[in-house]
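**Student:** For reference, the sequence and a predicted model appear below.
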Amino acid sequence: EAGVTQFPSHSVIEKGQTVTLRCDPISGHDNLYWYRRVMGKEIKFLLHFVKESKQDESGMPNNRFLAERTGGTYSTLKVQPAELEDSGVYFCASSQEWGTEAFFGQGTRLTVV
Amino acid sequence: RKEVEQDPGPFNVPEGATVAFNCTYSNSASQSFFWYRQDCRKEPKLLMSVYSSGNEDGRFTAQLNRASQYISLLIRDSKLSDSATYLCAMSDGRTSGTYKYIFGTGTRLKVLA
């Protein structure tokens, strides 16, 4: 069974540009999460989808970040315009039910220069 | 105070040693608890869930102490391959209908030959 997959694995963009990250959760997992790890810090929650609905987006840093999950399958996270402090590793995770184990993708390492 | 706190380490132990990590949490409504392992520049991978009755998987034992609000991970007979960062994670319960996972900063373990 395929795990959580993320694309791209790395992205280097200039400040002010736009980047879109994609996450394909494990098939059948209704819950999809986005997390971010900035160097030296803990993994921080960004938002949680249940199917196509945003259940909790309390961790989104600001309105430059937009996440979507049309159709309740894959999800995208767009950063527009990117700032230097957006650099970090963006992880996506999925779980089958609330409160059960979450499985992570390999992450997208975003560098804004 | 952080919601989840871990000693960042590093814990340097010889092969064969027993090592234990604790992770304290502040939200008494937390309901599900997990230990993840993260290797350098990789995604977190689920190591084990932590049940109220404790959980053992080979050389690894996880415990939950609700009264004192901490979980623990015990590794017996440490192997070189156990060297990694160990992250604790917990869901914050149905306080707002969400089940986002909160992570600690991780504890670095180095097993020395």
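**Tutor:** It's in.

**Student:** Verify the contact between A:C92 and A:R36 for me.
**Tutor:** No - using C-beta atoms under 8 Å, A:C92 makes no contact with A:R36, being 10.4 Å away. All C-beta spots, glycine's among them, are computed from the backbone N, C-alpha and C.

**Student:** Look at those two and report which has more neighbours.
**Tutor:** A:C92 (29 against 23; other C-beta atoms under 10 Å in any protein chain shown).

**Student:** how near is the more buried one to A:V38?
**Tutor:** Separation of A:C92 from A:V38 (C-beta to C-beta, to the nearest Å) stands at 16 Å.

**Student:** Excluding chain neighbours, give the residue nearest to residue 16 in space.
**Tutor:** Picking chain A for this. Take A:G16 and drop its neighbours on the chain: the residue closest to it by C-beta to C-beta, 6 or more residues apart in numbering or on different chains is A:P81, 4.5 Å away.

**Student:** Please refer instead to chain B.
**Tutor:** Excluding the flanking residues, the one nearest B:G16 by C-beta to C-beta, 6+ apart is B:D77, at 5.7 Å.

**Student:** Name the helix or strand for that neighbour, please.
**Tutor:** If you go by DSSP states H and E, B:D77 is not part of any helix or strand.

**Student:** Any idea what B:I71 is bridged to?
**Tutor:** Note on B:I71: beta-bridge partners by DSSP bridges are B:C23, B:L64.

**Student:** Now do the contacts for it.
**Tutor:** B:N22, B:C23, B:Y25, B:F33, B:W35, B:V50, B:A62, B:Q63, B:L64, B:N65, B:C88, B:M90 (C-beta atoms under 8 Å, 6 or more residues apart in numbering or on different chains).

**Student:** now that we have these, which one has the most neighbours?
**Tutor:** In terms of neighbour count, B:C88 stands highest of the contacts of B:I71 at 29 neighbours, by other C-beta under 10 Å.

**Student:** for it, what are its contacts?
**Tutor:** Shown in contact with B:C88 (C-beta under 8 Å, 6+ apart): B:4, B:6, B:21, B:23, B:25, B:33-36, B:71, B:73, B:103-104.

**Student:** let's see 7 Å
**Tutor:** Counting by C-beta atoms under 7 Å, 6 or more residues apart in numbering or on different chains, B:C88 touches B:V4, B:Q6, B:C23, B:W35, B:I71, B:G104.

**Student:** Any chance of TSV for the residues you listed, columns pLDDT?
**Tutor:** TSV is the format used below for the contacts of B:C88 (pLDDT from 0 to 100):
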residue	pLDDT
B:V4	90
B:Q6	93
B:C23	95
B:W35	96
B:I71	95
B:G104	92
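
**Student:** ok, back up a step: right, and the residue nearest to A:G16 touches A:E14 too?
**Tutor:** No - A:P81 lies out of contact with A:E14 (C-beta atoms under 7 Å); the separation is 9.6 Å.

**Student:** which residues touch stretch A:74-90?
**Tutor:** A:13, A:15-24, A:32, A:34, A:36-39, A:49, A:64-69, A:92, A:107-112.
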